[in-house]
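> need coordinates for the below:
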Amino acid sequence: MSPLQDLASSGVSVWLDDLGRDRLTSGGLAQLVANGVVGVTTNPSIFASAVSHGDAYAEQLAELTGRTPEEALHALMVSDVRGACDVLSSTFEQTNAVDGRVSFEVDPRLAHDTDQTLAAAAEVWTDVSRPNVMVKIPATLAGLPAITAAVAQGISVNVTLIFGVERYAQVQDAWLAGLEDAQVRGRDLSAIGSVASFFVSRLDTAVDGRLDAMADAGALEAQTHRELRGRAAVANARQAYRQYQRMLQTPRWLSLAAAGAQPQRPLWASTSTKDPTFSPTRYVDELVAPQTVNTMPSATLDAVVASTARHPVSIDATDEAEAADVALFERLAAVGVDYQQVVEGLEEAGVSAFSEAWTTLLELVERAQANGC
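As a prediction, the model looks like this:
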């Protein structure tokens, strides 16, 4: 059994966190799908990297002469996402619309505008015109009502940039409300897919940075530093998974499930390790659980494939395990690491980083158009 098959046997769907024209034209994505990858995610930073390397987009850009940079960028991204959707169409059919999904980001500069986010999501959904596309909507406060409205319209949604468990509960509520509205409208609930993208490694980076600074300043004992460092992200994700399990037991969800709705699976995003002292597969090995998705950048996927480790379920659902994770965050608070402050800062930084990447994308496209590509 291959490592990806091993993960699948434990209930983990492996998605690739990368997409570019070269992966489509070279057959590289198709090969990964043949080897067990069952979905694709991307974001503005990933797409900016793809556009800035090589000339894979030159021919299409030449055909888009006269379009605004925004229109040209949209056309490039739609083409890539359509192509990836087509590569994964068989997976989509074989898994009864559970996997085989490809995510497309709405303009992150709209993250704090509900109406414009919804309009952009509807445009993406219509223009890609593939049943296995998922539109990525950020889990900002303004994004929550956009999620509800999009799902009510039958749009499959990947809710992105989730960092805190409290916000995750709000995302679940927004998604459930959307399904309820869709049901009232007579829509086929089984056709509406959703995942909740919970960002993992960035929490360790933020928390550990604070702990390291305190230790360097002599404000934190060495033993306490060792005991707390590198533990927040996985504990946070485990709490999110427990929240997911609780949602599955609610009368609200059970009623929707009886009507054919698919669950909104937790998706572990930002799963590359930023700390070289951590195993490159840490955020895969420690977050194995049924009905989850792990979207991996290429380097993480390669490390998993090269690993000989097995992947039994590693999220402990017992009350004792949950109490231990709660105690960890209580200890972090006691030494001055404010969880809510950290996750709010990460959301703000995430929206800012994606918005900057989107602006860079527009500049790349505009420059290419000016050069006659």
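> what about the strands in the stretch 151-300 of the chain?
For the stretch 151-300 of the chain, the strands defined by DSSP state E, counting those that start in this stretch occupy 157-162, 194-199, 265-269, 292-296.
> can you list the ones you listed in JSON lines and add mean neighbour count, mean pLDDT and distance to Ala233?
Bear in mind the C-beta positions are built from the backbone N, C-alpha and C, glycine included. Listed next are the strands of the stretch 151-300 of the chain as JSON lines, based on neighbours: other CB atoms under 10 Å; pLDDT from 0 to 100; distance: least, CB to CB, whole Å:
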{"stretch": "strand 157-162", "mean neighbour count": "28", "mean pLDDT": "98", "distance to Ala233": "13"}
{"stretch": "strand 194-199", "mean neighbour count": "27", "mean pLDDT": "98", "distance to Ala233": "9"}
{"stretch": "strand 265-269", "mean neighbour count": "25", "mean pLDDT": "98", "distance to Ala233": "10"}
{"stretch": "strand 292-296", "mean neighbour count": "25", "mean pLDDT": "98", "distance to Ala233": "13"}
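> of all these, which lies closest to His225?
Nearest to His225, of all the strands of the stretch 151-300 of the chain, is strand 194-199, at 23.9 Å by CB to CB.
> could you give the number of residues near Glu166?
Burial measure for Glu166: 12 neighbouring residues, criterion other CB atoms under 10 Å.
> thinking again about what came up before, any chance of CSV for the strands of the stretch 151-300 of the chain, columns distance to Gly39?
Formatted as CSV, the strands of the stretch 151-300 of the chain follow (distance: least, CB to CB, whole Å):
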stretch, distance to Gly39
strand 157-162, 10
strand 194-199, 9
strand 265-269, 9
strand 292-296, 7
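> low-confidence regions, this protein specifically.
Scanning the chain for pLDDT under 70 picks out 372-373.
> ok, longest helix in it?
helix 339-370 (DSSP state H).
> run through the neighbouring helices and strands of that one.
The helices and strands touching helix 339-370, judged by 3 or more CB pairs under 8 Å, 6 or more residues apart in numbering; DSSP states H and E, are helix 44-52, helix 58-63, helix 69-87, strand 133-138, strand 157-162, helix 165-184, helix 201-216, helix 319-334.
> quickly run through the sheet partners of the fourth one, with directions.
Right, strand 133-138. Here strand 133-138 is paired, per DSSP bridges, with strand 101-105 (parallel), strand 157-162 (parallel).
> any idea how far Arg229 is from Ala222?
11 Å (CB to CB, to the nearest Å).
> meant to ask about Pro145
For Pro145, the distance to Arg229 - CB to CB - is 38 Å.
> swap in Ala191?
For Ala191, the distance to Arg229 - CB to CB - is 45 Å.
> list the contacts of stretch 26-37.
2, 4-5, 8, 14-16, 19, 22-23, 40, 84, 87-88, 91, 301, 305 (CB atoms under 8 Å, 6 or more residues apart in numbering).
> same thing but at 7 Å, please
2, 4-5, 8, 14-16, 23, 84, 87-88, 91 (CB atoms under 7 Å, 6 or more residues apart in numbering).
> same thing with stretch 67-85?
So stretch 67-85 is contacted by 19-21, 24, 29, 40, 47, 57, 60-61, 64, 102, 104, 127-128, 130, 132-133, 361-362, 365-366, 369 (CB under 7 Å, 6+ apart).
> now the buried members of these.
Neighbour counting by 16 or more other CB atoms under 10 Å classes 19-21, 24, 29, 40, 47, 57, 61, 64, 102, 104, 127-128, 130, 132-133, 361-362, 365, 369 among those as buried.
> show me what contacts the residue most central in space within the chain?
The centre of the chain sits closest to Ser197, judged by CA atoms, centre = their mean, with a distance of 3.6 Å. Ser197 sits next to 158-160, 162, 267, 269 when contact means CB under 7 Å, 6+ apart.
> distance-wise, check it relative to Asp6.
23 Å.
> what does Ser52 give?
35 Å.
> which of the two has more neighbours?
Between Ser52 and Asp6, counting by other CB under 10 Å, Asp6 is the more crowded of the two (18 against 13).
> arrange the contacts of stretch 26-37 in JSON lines, one row each, with distance to Arg238 as further columns.
Shown next, in JSON lines, are those (distance: CB to CB, whole Å):
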{"residue": "Ser2", "distance to Arg238": "26"}
{"residue": "Leu4", "distance to Arg238": "22"}
{"residue": "Gln5", "distance to Arg238": "24"}
{"residue": "Ala8", "distance to Arg238": "21"}
{"residue": "Val14", "distance to Arg238": "19"}
{"residue": "Trp15", "distance to Arg238": "20"}
{"residue": "Leu16", "distance to Arg238": "24"}
{"residue": "Arg23", "distance to Arg238": "32"}
{"residue": "Ala84", "distance to Arg238": "31"}
{"residue": "Val87", "distance to Arg238": "33"}
{"residue": "Leu88", "distance to Arg238": "29"}
{"residue": "Thr91", "distance to Arg238": "28"}
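> just the closest of the residues you listed to Val343, please.
Nearest to Val343, judged by CB to CB, of the contacts of stretch 26-37 is Trp15 at 23.3 Å.
> any buried residues in the helix or strand encompassing the closest one, and which?
If you go by DSSP states H and E, Trp15 is part of strand 12-17. Going by neighbour count (16+ other CB under 10 Å), the buried part of strand 12-17 is 12-17.
> and stretch 144-153, by the same measure?
144-153.
> name the nearest of those relative to Asp208.
Nearest member of those to Asp208, counting by CB to CB, is Leu144, at 29.4 Å.
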